[in-house]
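Engineer: sharing a sequence plus its predicted fold:
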Amino acid sequence: MLNGIHARRSSTLHACALLPAIFFAISAVPPQDPSRHRSNDAQSLAQRAQEAARRGDWPASASLYQQAIELAPRDPNLRIGLGAAFTGSERYADAIASYEEALRISPRNLAAELGLARNYRSVHNYDEMRLILERAVREHPKSAAPLSLLGDLDLEMQSYDAAIQHLSAALSLDPASTETRNRLASAYKSAGDGPHALLQLSKVIARDPKNALAYFLRAQILSDRNDDARALPDAQKVLDLQPQNPRGRVLLAKILLRAPENSAASEAIVRCSHAVAALQPLVDTRPDDSEILFLLARAHRCAGNTEEAARVLAAFEAVSQLERTTKENQSQAKHLVQQANERARLNDFPGAVDLLQQALEKDPAYGAAYSQLAKLHYSAGDIDNASQSISHALELAPYQPDFLYVEGKILEKQGKFDEALAAFERTTLVNPNESDAYFEMGVIYEQRSDRARALAAYKKAVALSPDDPDYRRALAALDNRAPSP
């Protein structure tokens, strides 16, 4: 971190004669339990929250869950529902906080663990996601869900042997899960084991004849084997089941464009015309997709649509050139930011700022350049420009922990301590290993004479980075200082 930013969130009675009767009638009514009323009200709010979630009205669902939690704060299911509502609104840090609170109340709650893991995935913290899922597997050895999700993470990380192991274990616990079986087939496919992948897909289709993903994966495998005669009906089935599936349309077109050997010219024209029909809706919605344009140009050409083929080919060439230029600019922007970092280390701030401005001209969507610019402005005391720069970075990547930390430092410098604490807290939510953020939270709490919270924050920072002298010094100084009377 650059200079100044620590390397491191009454009713009137009608007749007196009635008094004894009224007294005994009132005495006969059992006392009401206020907690029962609160619980019933909370459940009513939760039902309304679930209805809002089913409608996709996530803000309303979150608001209703929050009202229910005020009435029943120890109900973990309400926290889980709130977490799901936050997830639906893409408020991932808030969702993480809600699921963590559910786990604090109910430490081995599987639904909370799975929700927490999914939200760590949404903020690209795959290490934390894996730790949670591995813990869930140990805590719930008879549950297939954490194993299946762990296998899906392995797939994303391209660890195919681990994916096969986890997904196979999940299927042994829940053999009826077509979702897990599709994942296992995908893992086998990616590992180059087509026969085992096809076996799993056949089982999925036998159980669920309308499973579009299984047909798609099977068509891909068969097509890769040049077995287009068997791949074609599967690819067509994908479109029958999901007409708006873009990947299915592209796959179908690719298969159609490979006419069988020794086929008649008339058959090739029919197949290519069918490919045009499959691709054209995609071009209308995705005009800048070079793969689609290339396939469509081929389809028009072999269907005999020469002029249309030339027009689409020209569009393909223009889009391809733009893609190449964009990739080159992105690569140059990354290199310029690296150069800017070197200039900054040499205290050449004007040179570093100039390089960062060049990087942003090349790639205006490069959040790291904005973040680095914010750090430079901060170091130079230009807090307004620092604030603007980090705002741009967070618009591009709202849950990047480094960006959130820099935002917290800037807010702290502006004297906006509540907002700074919130930024540091978001930082630690999306990445619990961010010791810098815990340290800064400790600084703010200490300035506010909140000794207990400051100590807790400093201790967390030291636990995460035990060799940091600043953290240890701050903790020791506060720990040895007598509490305020």
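Structural biologist: Yes, it's here. Numbers count the residues shown, from 1 in each chain.
Engineer: how is the chain partitioned into domains?
Structural biologist: 37-141, 321-433, 435-485 (automatic domain parsing).
Engineer: could these be laid out in CSV, adding distance to Lys203, mean neighbour count and mean pLDDT?
Structural biologist: C-beta here means a position set from N, CA and C on the backbone, and glycine is covered the same way. Listed next are the domains of the chain as CSV, based on distance: least, C-beta to C-beta, whole Å; neighbours: other C-beta atoms under 10 Å; pLDDT from 0 to 100:
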stretch, distance to Lys203, mean neighbour count, mean pLDDT
domain 37-141, 24, 19, 97
domain 321-433, 38, 19, 97
domain 435-485, 46, 17, 92
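Engineer: distance to Leu171 for those domains - can I get that in a markdown table?
Structural biologist: Below are the domains of the chain laid out as a markdown table (distance: least, C-beta to C-beta, whole Å):
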| stretch | distance to Leu171 |
| --- | --- |
| domain 37-141 | 14 |
| domain 321-433 | 31 |
| domain 435-485 | 38 |
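Engineer: so for Ser186, which of those domains sits nearest?
Structural biologist: For Ser186, the closest of the domains of the chain is domain 37-141, at 16.9 Å, according to C-beta to C-beta.
Engineer: just how off-centre is that closest one within its chain?
Structural biologist: Offset of domain 37-141 from its chain centre (C-alpha atoms, centre = their mean, to the nearest Å): 15 Å.
Engineer: same question for stretch 296-303.
Structural biologist: Chain-centre distance of stretch 296-303: 39 Å, with C-alpha atoms, centre = their mean.
Engineer: which residues are contacting that stretch?
Structural biologist: 253, 256-257, 268-269, 272-273, 275-276, 279-280, 283, 306, 308-309, 312-313, 316 (C-beta atoms under 8 Å, 6 or more residues apart in numbering).
Engineer: could you measure from Ser202 over to Phe417?
Structural biologist: Remark: distance between Ser202 and Phe417 (C-beta to C-beta, to the nearest Å) = 61 Å.
Engineer: what's the answer for Tyr445, then?
Structural biologist: Per C-beta to C-beta, Tyr445 is found 9 Å from Phe417.
Engineer: I figured Ser290 hits Glu317, correct?
Structural biologist: No - contact criterion C-beta atoms under 8 Å: Ser290 and Glu317 do not qualify, at 9.0 Å.
Engineer: can you map out the helices along the stretch 1-150 of the chain?
Structural biologist: Listed in chain order, the helices found in the stretch 1-150 of the chain under DSSP state H, counting those that start in this stretch are 19-28, 34-55, 58-71, 76-88, 92-105, 110-122, 126-139, 145-156.
Engineer: can I get the ones you listed in TSV with distance to Glu434?
Structural biologist: What follows is these, written out as TSV (distance: least, C-beta to C-beta, whole Å):
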stretch	distance to Glu434
helix 19-28	60
helix 34-55	31
helix 58-71	25
helix 76-88	20
helix 92-105	12
helix 110-122	13
helix 126-139	11
helix 145-156	21
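Engineer: which of those helices sits closest to Asn341?
Structural biologist: For Asn341, the closest of those is helix 126-139, at 24.3 Å, according to C-beta to C-beta.
Engineer: touching that closest one from outside, list them.
Structural biologist: By C-beta under 8 Å, 6+ apart, the surrounding residues in contact with helix 126-139 are 108, 110, 113-114, 116-118, 120-121, 143, 145-147, 149-150, 153, 156-157, 431-433.
Engineer: quick revisit: the helices of the stretch 1-150 of the chain: which one's closest to Thr325?
Structural biologist: Each of the helices of the stretch 1-150 of the chain has some distance to Thr325 by C-beta to C-beta; the shortest is helix 145-156, at 29.1 Å.
Engineer: packing partners of that closest one?
Structural biologist: Secondary-structure packing of helix 145-156 (3 or more C-beta pairs under 8 Å, 6 or more residues apart in numbering; DSSP states H and E): helix 110-122, helix 126-139, helix 160-173, helix 178-190.
Engineer: who are the neighbours of the first one, in terms of helices and strands?
Structural biologist: In other words, helix 110-122. Counting by 3+ C-beta pairs under 8 Å, 6+ apart, helix 110-122 packs on helix 76-88, helix 92-105, helix 126-139, helix 145-156.
Engineer: what does it rub up against?
Structural biologist: Applying C-beta under 8 Å, 6+ apart, the external contacts of helix 110-122 come out as 76-77, 79-80, 83-84, 87, 90, 92, 95-96, 99-100, 102-103, 106, 126, 128-129, 132-133, 135-136, 139-140, 143, 145-146, 149, 153, 399, 430.
Engineer: Arg453 sits in which helix or strand?
Structural biologist: Per DSSP states H and E, Arg453 falls inside helix 451-464.
Engineer: with just CA atoms, put that helix into CSV.
Structural biologist: Below are the C-alpha coordinates for helix 451-464, written out as CSV (Å, rounded to 0.1, in the frame of the first residue of the first chain):
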residue,chain,number,x,y,z
ARG,A,451,-11.7,-0.3,24.3
ALA,A,452,-13.5,-3.7,24.0
ARG,A,453,-14.1,-3.5,20.3
ALA,A,454,-10.6,-2.0,19.7
LEU,A,455,-9.0,-4.9,21.5
ALA,A,456,-11.0,-7.4,19.6
ALA,A,457,-10.1,-5.8,16.3
TYR,A,458,-6.4,-5.6,17.1
LYS,A,459,-6.4,-9.2,18.3
LYS,A,460,-7.9,-10.3,15.1
ALA,A,461,-5.4,-8.4,13.1
VAL,A,462,-2.5,-9.9,15.0
ALA,A,463,-4.0,-13.4,14.7
LEU,A,464,-4.1,-13.0,11.0
